[in-house]
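In: Coordinates only, no sequence provided:
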């Protein structure tokens, strides 16, 4: 399991956690350090379009 944290572009108390698992990518939203909602399973392309940034995971 690999994770990266992305700071929200418009709201400095909001951050996003992108997790890469064998089944795909999962996106969770954190507001002021607390998770908001349960997260969603989605594609890398959709995450990049929503967060307006490239997602790149380091190789282990």
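Out: Looks like it arrived, so ask away. The structure displayed is predicted, hence computed values, not measured ones. Numbers count the residues shown, from 1 in each chain.
In: Helix, strand, or coil at the spatially most central residue of the chain?
Out: Centroid-nearest residue in the chain, with CA atoms, centre = their mean: residue 18, separated by 2.7 Å. Per DSSP: H, G, I helix; E, B strand; the rest coil, the secondary structure class of residue 18 is strand.
In: Touching, it and residue 29? I think so.
Out: No: judged on CB atoms under 8 Å, residue 18 makes no contact with residue 29 at a distance of 10.8 Å. C-beta coordinates here come from the backbone N, C-alpha and C atoms, glycine included.
In: Residue ranges in the chain under the pLDDT threshold?
Out: Across the chain, residues meeting the criterion (pLDDT under 70) sit at 59-60.
In: And the helices in it?
Out: Ranges of helices in the chain, per DSSP state H, are 44-51.
In: returning to that earlier point: gap between the residue nearest to the centre of the chain and residue 54?
Out: Going from residue 18 to residue 54 by CB to CB, to the nearest Å gives 11 Å.
In: do residue 47 as well
Out: Counting by CB to CB, the gap from residue 47 to residue 54 is 10 Å.
In: quick one: which of those two has more around it?
Out: Remark: of residue 47 and residue 54, residue 47 carries more neighbours, 19 against 8, as counted by other CB atoms under 10 Å.
In: Tell me who's in contact with the more buried one.
Out: 18, 25, 27, 55 (CB atoms under 8 Å, 6 or more residues apart in numbering).
In: tell me which of the residues you listed is nearest to residue 41?
Out: Set against residue 41, the nearest of those by CB to CB is residue 25 (7.2 Å).
In: where do the strands sit along this protein?
Out: 2-7, 14-21, 24-31, 34-42 (DSSP state E).
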